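J.: need coordinates for the following:
(chains A and B)
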Amino acid sequence: MDLFFHFTDPILRAPTIGCILMCLSASLAGVVLLFQRKLLISETISHAAYPGAIGGIFLLSFLGPDFERFSFIAVLVGALFSSWLGLQSIRWLERKWKISSDASLCFVLAVFFGVGVLLASGLQQVQPMWAQQGHILLFGQAATLTDEHMVMYGLMSLACFLFIVFAFRPLQAILFDRAFAKSIGIPTKFVERIFFILLLVSIVAGIRSVGVILISGMLIAPAVAARQFSNQLKTVFWLAAMFGAFSGWIGSILSAKFSLPTGPMIVLVGAFFAVAGLLGSPKRGVVFRLIRQAAFHLRCMEENVLKGLWKTEMDRHALKRLYPSMLSFVLFRLTRHGWIQKKGFVFALTSDGRTKASAIVRLHRLWELYLTEQMGRDPQCVHTSAEEMEHVLTPEIEERLTKLLSDPKQDPHSQPIPERSSL
Amino acid sequence: MKSALEMDQLSVGYDRHTVLWDVSFSIPAGIMCCVLGPNGAGKSTLLKTALGLIRKMSGKIDFFGEPLEISRSRIAYVPQRESVDWDFPITSLDVVLMGRYGKLRSMQKLRKADREAAQNALELVGMSAYAKHQIGELSGGQQQRLFLARALVQNPDLFLLDEPFAGIDLATEKILVDLLKKLSSQGKTIIVVHHDLPTVPEYFDWALLINRHLIACGPLSEVFHRENLLKTYGKTASLFDEAVKLSAKSKIGL
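T.: Model prediction:
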């Protein structure tokens, strides 16, 4: 099978497995950032790493031109150093100069990246042989990953995984309620510091395969997707790891197949999961919300027809005049559920339908009475509000209304209020 | 009487900005004490500094005669409800279980005893029906009760609550106060940051008044009077008159 061929092929093995592991650790770190509400920082870290990485290549090209094979170590060290420097600058800007956090994040990102681009063009002129090394850091290049990379990414993912397993409870407490966590003696600073080191290493190491510009997408997309599908922090972590690993896998295969840059490919696959989550999550997704909205709308229409038939039996034409939209479907459903029946040409309520309809009318009239008696509204103006509320009022609210109005028998328009159906 | 919380010449500041200075007082164990003061007086800061959440500039803080490091397990903190993200993916029961995290080692499994304690705590605050609910589904009052339940499973001797009655319905306020009074009658010490003067005489038996510095600390009968409140609340004396009227009313049972 084509998909698994990538795990065994000697050339494709390292890029594929490397990408999977790298995305795995990035997405785990992303979940923590998501709940710390600090996702932007990943963008700044990666961009701030760029000048250091180029600087590392620069230095190595002068000091050890024979060690090109180990340039990834120079990149790593340089990138770690400059992203650390970037973070210190952010702190300094925030604390010393009272610059707001998003402004200092953007400022550091732009300045560091600018310096990086300058350095890269300098490298192009001074050491053209090495310039390619710097180029690939922008968008990442998984195809040239080696077994050393694979081992490095493996260790990194393992470290992230172990951290989350061992520190799960403290982490959960810190993410939910930091002050409380500190008050019960959880070493918040220590846990956060370890996380931060892992985050830094994950991003800096990931640059090689996804690139400076897009790596933050790899942290964010799986985390956002996972949050949509679960309401348990533990599950969110598992799902994010899964989405992340999958994006790395599929993305690297697609990029190898169509010889496209790896970074954008992986991020696009990750983004696909995120969009799928935003649209398709059962509780929060747009699709299901639209479905629930439509269902509510349909219920309103059905209840309105029931109400109309409660007042008088009608034939199809009379109904059509009152309820023009989707009437056939509404009548079909009402008949099928046993609320109405057809007698010759006219539609009439069944006895169950009568009970149901009078409950709706009761809510309508109770609400009208409440608005006039308790809220001082003019009886002429209360109908519209009641038309809406009759569909949403719960039995508990009905109970409270009944008590508040001391079980009334007449609405403000001197119409009788039907008895409660349960009585 | 043994003191539950004692501060000696405490001063606190955020970047060169002094928030509290030279605060010294002692709150005896087993009483119910409110911390009063206008907005920005440093009430929350006082609690947070006591718990080591904010670094103090100088001074000494003791709980039950010992420093925080030793007495930490005897203290429960209930932060302001708004301080956390209620959209966080966690159930009510798990939030309450957090109260036990301080006592467990990092990989130790939650014991049956922990789970039962959490269930009991939820029962006590009338929230057992919501154990498996997402915290995002809870109302403001329920969130506050949940926070108190989390403090209860810590089995503390001292409760520090930061504005527990802010933005909740009267029914919940009553449940919380009754529960706190019960705890107090069992010998627990309760310290509450409070901002509703009229209810003070009904709820508390001791008051600590601050506005950047200590105005007074003592039994209600000694410190809760016009002069001190004027000092605490500055020009907003009308508020005080209102409180006194209400206090007088509640004393004669109106």
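
J.: return the backbone torsion pair for the residue nearest to A:K343 when sequence neighbours are not counted.
T.: Distances taken as Cβ to Cβ, 6 or more residues apart in numbering or on different chains place A:E313 nearest to A:K343, at 7.6 Å, with adjacent residues excluded. For the C-beta atoms, the positions are set from N, CA and C on the backbone; glycine is no exception. Main-chain torsions, A:E313, degrees, to the nearest 10: phi -70, psi 140.

J.: same question for A:L349.
T.: Backbone torsions of A:L349, given as degrees, to the nearest 10, read phi -80, psi 150.

J.: okay, residue 57: pLDDT?
T.: No chain specified, so I'll use chain A. We have a pLDDT of 89 for A:I57.

J.: nope, chain B
T.: 89.

J.: all strands for the chain, in order.
T.: You didn't pick a chain, so chain A it is. Taking DSSP state E to define them, one finds strands in chain A at A:314-315, A:340-343, A:346-349.

J.: that's the other chain; I wanted chain B
T.: B:3-14, B:17-28, B:32-36, B:58-63, B:75-78, B:158-162, B:189-193, B:206-211, B:213-219.

J.: how about these in CSV, adding distance to chain A and mean neighbour count?
T.: Formatted as CSV, these follow (distance: least, Cβ to the nearest Cβ, whole Å; neighbours: other Cβ atoms under 10 Å in any protein chain shown):
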stretch, distance to chain A, mean neighbour count
strand B:3-14, 11, 18
strand B:17-28, 12, 17
strand B:32-36, 17, 25
strand B:58-63, 12, 17
strand B:75-78, 4, 25
strand B:158-162, 8, 23
strand B:189-193, 13, 25
strand B:206-211, 19, 22
strand B:213-219, 22, 18
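
J.: and stretch A:349-356, which residues are buried?
T.: For stretch A:349-356, the buried set under the neighbour-count rule, 16 or more other Cβ atoms under 10 Å in any protein chain shown, comprises A:349, A:353-354, A:356.

J.: of all the residues you listed, which comes closest to chain B?
T.: Nearest to chain B, judged by Cβ to the nearest Cβ, of the buried residues of stretch A:349-356 is A:K356 at 28.3 Å.

J.: was I right about the closest one contacting A:L306?
T.: Yes: with contact defined as Cβ atoms under 8 Å, A:K356 and A:L306 form a contacting pair (6.2 Å).

J.: which residues do these two both contact?
T.: Common neighbours of A:K356 and A:L306, counting by Cβ atoms under 8 Å, 6 or more residues apart in numbering or on different chains, are A:W339.

J.: contacts for stretch B:40-57, please.
T.: Applying Cβ under 8 Å, 6+ apart, the contact partners of stretch B:40-57 are A:179, A:182-183, B:5, B:7, B:10-14, B:18-20, B:23, B:35-37, B:61, B:63, B:68, B:75, B:77, B:80, B:160, B:162-163, B:191, B:193, B:210-212, B:232.

J.: show me the contacts for whichever residue of the stretch 151-300 of chain A sits closest to chain B.
T.: Relative to chain B, the nearest point of the stretch 151-300 of chain A is A:I184 (3.3 Å; Cβ to the nearest Cβ). Contacts for A:I184 (Cβ under 8 Å, 6+ apart) come out as A:173, B:72, B:77, B:98-99, B:101-102, B:154.

J.: report the buried members of those.
T.: Among the contacts of A:I184, the ones that count as buried by 16+ other Cβ under 10 Å are A:173, B:72, B:77, B:98-99, B:101-102, B:154.

J.: domain assignment for chain A?
T.: In terms of domains, chain A is parsed into A:2-283, A:287-349 (source: automatic domain parsing).
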